[in-house]
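Participant: Just need the structure, nothing else, for what follows:
(chains A, B, C and D)
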Number of protein chains: 2
Amino acid sequence: MKSWSAQLRKGLVELAVLAALRDQEAYGYQLLQTLNQLPAFQLTESTVYPLLARLTKDRLVSVRVGPSPHGPPRRYYRLTPAGQQHLHDMKSHWQQLTQSLNQLLDSHPDPAP
Amino acid sequence: MKSWSAQLRKGLVELAVLAALRDQEAYGYQLLQTLNQLPAFQLTESTVYPLLARLTKDRLVSVRVGPSPHGPPRRYYRLTPAGQQHLHDMKSHWQQLTQSLNQLLDSHPDPAP
DNA sequence: CCCTGCTATATCGCATTACGATGTACCAGC
DNA sequence: GCTGGTACATCGTAATGCGATATAGCAGGG
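Facilitator: Alright, predicted model coming up:
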């Protein structure tokens, strides 16, 4: 199976979205295209829209409705202070996690000469 | 809430366990203590034992039963060739993921002087 | 002799979450 | 009016971490 790649992404998507919103607001469809430029994040609307709804409900992002040149009005999302704090916490945890994991992945019993 | 830290671990635990088994066999309780030495991985038996059972069922690890000085006999786990291949695949994906995410986390509109 | 505690295994059940499938609405151009 | 891209949303399923719980062997203290 190859569904484990989905499991690797679990939880990371939230971090990725918050990180993408850190310095600028964006709307869902835009986020989708931005993140899909990264090879490891192949997301769909089914992932992004429910996540944004959850983040809104938890007051981590705020919404602003703006006009769209094509299609329904865009919903622009922006980090709230709580969201910035959350991003900071997740980032710290993430860095601790990568450090621990790389420590495991790089520990050689027979070190390179 | 702080349950998002659990979500960050999702899927990563499998990678961590496989990585820990890469160069040497180990039994469940031992893996538990090894991984808990890393600050980011605070696991319990409820996480490790079901995972090992699944890995065994998927033929990614093999089991060998050995005596224990205290308690029930130990079940020593070892990577199969398929498990080593799986570890290699997950590691590649993981590195791609970290690279993409760090790219997001480190992109500063106002770079440090 | 029992009681607590450590080692070591295993299972049940819940909450969370990514995502495929599907639907709706708006606008442009043919 | 039909197609196609933009932009939003929801339902259901599968996967998984983990708290709670159970069991068993051995050691040491009361």
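Participant: Give me the below-cutoff pLDDT ranges for chain A.
Facilitator: Within chain A, the segments meeting pLDDT under 70 span A:1-2, A:108-113.
Participant: so how far is residue B:54 from the closest residue to DNA strand C within chain A?
Facilitator: With distances taken as CB to the nearest atom of the strand, chain A approaches DNA strand C most closely at residue A:46, which sits 3.0 Å away. Using the backbone N, CA and C atoms, a C-beta is placed for each residue, glycine as well. Taking CB to CB, to the nearest Å as the criterion, residue A:46 is separated from residue B:54 by 26 Å.
Participant: Wait, a strand at residue A:62?
Facilitator: Yes. Secondary structure of residue A:62, determined by DSSP: H, G, I helix; E, B strand; the rest coil: located in a strand.
Participant: Near DNA strand D, which residues of chain A? Just list them.
Facilitator: The interface of chain A toward DNA strand D, taken as CB under 7 Å from any atom of the strand, is made up of A:1, A:3-4, A:7, A:27-30, A:45-46, A:49-50, A:52-53, A:68-75.
Participant: filter these by proximity to chain B?
Facilitator: Contacts with chain B within these, counted by CB under 8 Å from any CB of the partner chain: A:4, A:7.
Participant: hmm, the lengthiest helix in chain A in reach of chain B?
Facilitator: Once chain A is assigned using DSSP state H, the helix that runs over the most residues is helix A:81-106. Yes. Looking at helix A:81-106 against chain B by CB under 8 Å from any CB, the contacts come from A:90-91, A:93-94, A:96-101, A:103-105.
Participant: which of those residues are buried?
Facilitator: Buried subset of the residues of helix A:81-106 next to chain B (neighbour count, 16 or more other CB atoms under 10 Å in any protein chain shown): A:90-91, A:93-94, A:96-98, A:100-101, A:104-105.
Participant: Strands along chain A, start to end?
Facilitator: Counting by DSSP state E, the segments of chain A that form strands are A:26-27, A:61-66, A:74-79.
Participant: okay if I get the buried ones among the residues of helix A:81-106 next to chain B as TSV plus distance to residue B:86?
Facilitator: TSV is the format used below for these (distance: CB to CB, whole Å):
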residue	distance to residue B:86
A:90	27
A:91	29
A:93	26
A:94	23
A:96	25
A:97	20
A:98	20
A:100	20
A:101	16
A:104	15
A:105	14
